[in-house]
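Enquirer: Quick one: sequence plus predicted model below, questions after.
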Amino acid sequence: LILDVASSGGNQSSSLLYGVLYEDIYHSGDGGLYGEMLRNRAFQGSSSGGAASLARNTDYWHPFGGATIAIDTSSPIISSSLPYQMRMDVPAGTKGTVGFYNEGFWGFDVDATKRYVASLYMRGNYSGTVNCYFQSNTTGQNLGLTSMSIDQTSSAGWVQSHSATFQPSQSGSNGNNTFYFTFDGSKLAGQSVYFNLLSLFKQTFNNRFNGVREDLADSLFNMNAKYIRLPGGNNMEGNNSPYEWKWNRTIGSLTDRPGRPGSWGDINTDGFGLLEMMQMAQDLGLEVILGIWAGLYLDGEVISEANLQPYKVSVMNELEFLLGDKSTTYGAQRAALGFPSPFPIKWIEIGNEDYLNGGTDSYYAYRFMTFYNAIHAVYPSINLVSTINPNPVTSKGSSLDLHIYGNENYFVSLFDTFDQASRKYPVFVNEYAATNTGSNNNGQVGAQTLGMSCAEAIFLLGCERNSDVIVGSAYGALIKNYNEAPNTVAVIKHTANEVLYTISYYVQKLFAEHMGTRTLPVTATNGGFGPVYWSATANSSSTILKLINYDGKTGSSNALQVNIKGSSKTSATLITLTAPSSKSVNNLPSLGGESSTITTTTLSGSAGSFSVSFSNPYEIAIL
Ligand code: AHR
């Protein structure tokens, strides 16, 4: 195979081509990116059994020292948003230490090099110390302690106390740790005391208050993505009325955030709210595609046209909150919450998968246009994205989001799917994933295999070759907790103390890192697409050729000849990504680690001509 890469003649590439989708799915937010380490910190509902519900309990909390704990609604409550609290009853005659501990989200990361701070709201009589510490379930050892001094009576109502910031005395040997709050039992004997909004944070990315987990944010940062779509996804829609994601219930004091049953089986605390998401996007340098709810619940209930007005008003208020200056009502509210400057938003997606459960007709009939007209009238330069193909309008500033899931073979077959696509309006593929191998159409494969990742990469080449019309792509889902069933695909999986970078993660990272500003035509001689696929782009300093071997030949006897037209270069950098077999997967560091490897070598050539050979039948190479 000979590939001649032209020096001109292609199209302008989208600068946003590689993005990410954030929604709270299987603990991407709570117990994931969101830095809160305590689970069920404010008794906002139940996540038991895979179905989020408003049933309140003290799950993930355990008493010790003879005390008992129970869910409680006695007055005064801390706020109407958090009407349930935890009561601790301490038997008369108690002399020793009493308290409770939290399980965390499948444990805690205890890192002696990092800073932590604990806090709680308490109601009741107590004058004494609260010791807060990590304990290893493996060794029983105390891994580091901090304390807070409390001196309050029940007449003071709810009082918030913070511990001193502390670094653990030693790191945990694994994530199997708990976190304790302990009290002098003799001072509480015969009494009941009440707790709400207990909290434990490790230092966050960029040291943000109420911010995000450092290691996971680093993972996102290192992907080099260009945009983030938030806050979802199905999670924005809500399973049923009235549980759509509501922006104004995710801002301000944490005591004023009621949370909601998420669509993916877990209660969302909404501690990771609109401003926290925007802050994270800003810190990561990501353009935001803001999702707004468009009147369809996942159970198929649709808001009628006559009743859509308040939802439209809510969206316009949200936009004023994000985009308005301080002279506007909601802009002033944002400024008062510590964000004086408006956020730049150029893209708004109207709904999510609005074809689901019978939503198509109403989307075309009035839902899309209601939001489109309202937003366009006030913010004419914002691009509005539809979720149904074909787009309801083709006027300027309107684009489309396609979601593509399927098996490995399907993704390979999509390589040329956009070659003949209409250029009437830009297209995002804001969700895609090969969810199982080519030979397995049933169920999802938990970790992406090399074969699946190569198939996704082939699909991405097709996006890149057509990046005059394909504006962006994002994998669904971005982050999930490794311990949370079901074991579905995600770019990154995490536990309390580890991160699993899938092979798909490395595909997206490498592709985003090596992307030109324009495409270049490639002419093939002695062969066509398959088993080798390619795409070429260029920027002012480099020509970049991406090659994928998919069940192809290896070795120098099967080398490709690459000729970069007009180049006099005698050396080129070759980056390869592969793994031992098409079924290879990456794993958590503690469970064997990564099977994939990335290799960088320098190729010698002459006058822009290079010989490239694959070492593996499934391999990604970037020249
Ligand atoms: O990415 C996971 C989910 O898949 C999204 O929430 C939804 O939009 C899609 O169906």
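Expert: Arrived safely, thanks for sending.

Enquirer: how far away is the residue of the stretch 351-500 of the chain found nearest the ligand from I470?
Expert: Nearest residue of the stretch 351-500 of the chain to the ligand, counting by C-beta to the nearest ligand atom: G476, 2.7 Å away. Quick note: C-beta positions are derived from backbone N, CA and C, even for glycine. Distance of G476 to I470, computed by C-beta to C-beta, to the nearest Å: 16 Å.

Enquirer: Contacts only, for G10.
Expert: 518-521, 536-538 (C-beta atoms under 8 Å, 6 or more residues apart in numbering).

Enquirer: where do the helices sit along the stretch 251-400 of the chain?
Expert: For the stretch 251-400 of the chain, applying DSSP state H, counting those that start in this stretch gives helices covering 274-284, 309-323, 329-336, 360-362, 368-378.

Enquirer: Just the C-alpha atoms of the last one, please, in PDB.
Expert: Written as PDB, here are the backbone C-alpha positions of helix 368-378 (Å, rounded to 0.1, in the frame of the first residue of the first chain):
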ATOM      1  CA  PHE A 368     -37.600  22.200  19.900                       C
ATOM      2  CA  MET A 369     -38.900  25.500  18.400                       C
ATOM      3  CA  THR A 370     -40.200  26.800  21.700                       C
ATOM      4  CA  PHE A 371     -36.700  26.800  23.200                       C
ATOM      5  CA  TYR A 372     -35.000  27.600  19.900                       C
ATOM      6  CA  ASN A 373     -37.100  30.700  19.300                       C
ATOM      7  CA  ALA A 374     -36.800  32.000  22.900                       C
ATOM      8  CA  ILE A 375     -33.000  31.500  23.100                       C
ATOM      9  CA  HIS A 376     -32.300  32.700  19.600                       C
ATOM     10  CA  ALA A 377     -34.300  35.900  20.200                       C
ATOM     11  CA  VAL A 378     -32.100  36.900  23.100                       C
END
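
Enquirer: and G185, how many neighbours?
Expert: By other C-beta atoms under 10 Å, 20 other residues sit near G185.

Enquirer: pLDDT score assigned to it?
Expert: Looking at G185, its pLDDT stands at 98.

Enquirer: how about a markdown table for the helices of the stretch 251-400 of the chain, with mean pLDDT and mean neighbour count added?
Expert: Below are the helices of the stretch 251-400 of the chain laid out as a markdown table (pLDDT from 0 to 100; neighbours: other C-beta atoms under 10 Å):
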| stretch | mean pLDDT | mean neighbour count |
| --- | --- | --- |
| helix 274-284 | 98 | 21 |
| helix 309-323 | 98 | 18 |
| helix 329-336 | 98 | 17 |
| helix 360-362 | 98 | 15 |
| helix 368-378 | 97 | 18 |
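
Enquirer: Domain boundaries for this protein, per the record?
Expert: 2-13+518-622, 19-33+205-299+309-314+347-357+388-513, 48-202 (automatic domain parsing).

Enquirer: from these, which stretch is densest packed?
Expert: Across those, averaging neighbours per residue (mean count of other C-beta atoms under 10 Å) puts domain 19-33+205-299+309-314+347-357+388-513 on top, at a mean of 21.

Enquirer: show me where this protein has helices.
Expert: With DSSP state H as the criterion, the chain has helices at 214-223, 234-237, 274-284, 309-323, 329-336, 360-362, 368-378, 408-413, 450-465, 503-513.

Enquirer: I figured L188 hits Y126, correct?
Expert: Yes: look at L188 against Y126 with C-beta atoms under 8 Å: they come within range, at 6.3 Å.

Enquirer: residue contacts, D4?
Expert: 522-525, 563, 565.

Enquirer: which among the residues you listed gets closest to the ligand?
Expert: So of the contacts of D4, ranked by how close each gets to the ligand (C-beta to the nearest ligand atom), first place is V522, at 32.3 Å.

Enquirer: Nearest spatial neighbour of P580, chain-adjacent residues omitted?
Expert: S595 (6.0 Å; C-beta to C-beta, 6 or more residues apart in numbering).

Enquirer: For the one you found, list the residues it contacts.
Expert: 450, 579-580, 584-587.

Enquirer: I'd like these as JSON lines, with pLDDT and distance to the ligand appended.
Expert: Converted to JSON lines, the contacts of S595 look like this (pLDDT from 0 to 100; distance: C-beta to the nearest ligand atom, whole Å):
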{"residue": "L450", "pLDDT": "97", "distance to the ligand": "22"}
{"residue": "A579", "pLDDT": "98", "distance to the ligand": "24"}
{"residue": "P580", "pLDDT": "97", "distance to the ligand": "29"}
{"residue": "S584", "pLDDT": "95", "distance to the ligand": "24"}
{"residue": "V585", "pLDDT": "95", "distance to the ligand": "19"}
{"residue": "N586", "pLDDT": "95", "distance to the ligand": "20"}
{"residue": "N587", "pLDDT": "95", "distance to the ligand": "22"}
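
Enquirer: quick one: which of those is nearest T153?
Expert: N587 (52.9 Å; C-beta to C-beta).

Enquirer: what sits against L38?
Expert: Neighbours of L38 in contact, by C-beta under 8 Å, 6+ apart: 60, 102, 104, 179, 198-200.

Enquirer: again with S473
Expert: Contacts of S473 (C-beta under 8 Å, 6+ apart): 17-19, 428-430, 432, 460, 463.

Enquirer: who's sitting farthest from the centroid in this protein?
Expert: Using C-alpha atoms, centre = their mean, the residue of the chain lying farthest from its centre is G93. It sits 49.3 Å away.

Enquirer: Show me which residues of this structure sit near the ligand.
Expert: 23, 25, 232-235, 352-353, 403, 431, 476-477 (C-beta under 6 Å from any ligand atom).

Enquirer: Let me have those residues in TSV, adding pLDDT as columns.
Expert: Below are the residues of the chain next to the ligand laid out as TSV (pLDDT from 0 to 100):
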residue	pLDDT
E23	98
I25	97
G232	96
G233	97
N234	98
N235	98
N352	98
E353	98
H403	98
E431	98
G476	97
A477	96
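
Enquirer: Same list (the residues you listed) but as TSV, adding distance to N174.
Expert: Shown next, in TSV, are the residues of the chain next to the ligand (distance: C-beta to C-beta, whole Å):
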residue	distance to N174
E23	29
I25	25
G232	32
G233	31
N234	33
N235	30
N352	37
E353	38
H403	37
E431	33
G476	30
A477	25
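
Enquirer: wait, what's in contact with whatever residue of the stretch 51-200 of the chain ends up closest to the ligand?
Expert: For the stretch 51-200 of the chain and the ligand, the shortest gap (C-beta to the nearest ligand atom) falls at A52, measuring 14.3 Å. By C-beta under 8 Å, 6+ apart, A52 lies in contact with 45-46, 239, 261-268.

Enquirer: let's go with 10 Å and repeat that
Expert: Neighbouring residues of A52 by C-beta atoms under 10 Å, 6 or more residues apart in numbering: 44-46, 239, 243, 259-268.

Enquirer: S186 too?
Expert: Taking C-beta under 10 Å, 6+ apart as the test, what S186 contacts is 90, 93-98, 128.

Enquirer: May I ask which two of those residues are separated the most?
Expert: G93 and G128 (17.3 Å).

Enquirer: picking up where we left off before, among the contacts of D4, which ones are in strands?
Expert: If you go by DSSP state E, the contacts of D4 have 522-525, 563 in strands.

Enquirer: Adding pLDDT, write those out as JSON lines.
Expert: Output for the ones in strands among the contacts of D4, formatted as JSON lines (pLDDT from 0 to 100):
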{"residue": "V522", "pLDDT": "98"}
{"residue": "T523", "pLDDT": "98"}
{"residue": "A524", "pLDDT": "98"}
{"residue": "T525", "pLDDT": "98"}
{"residue": "N563", "pLDDT": "98"}
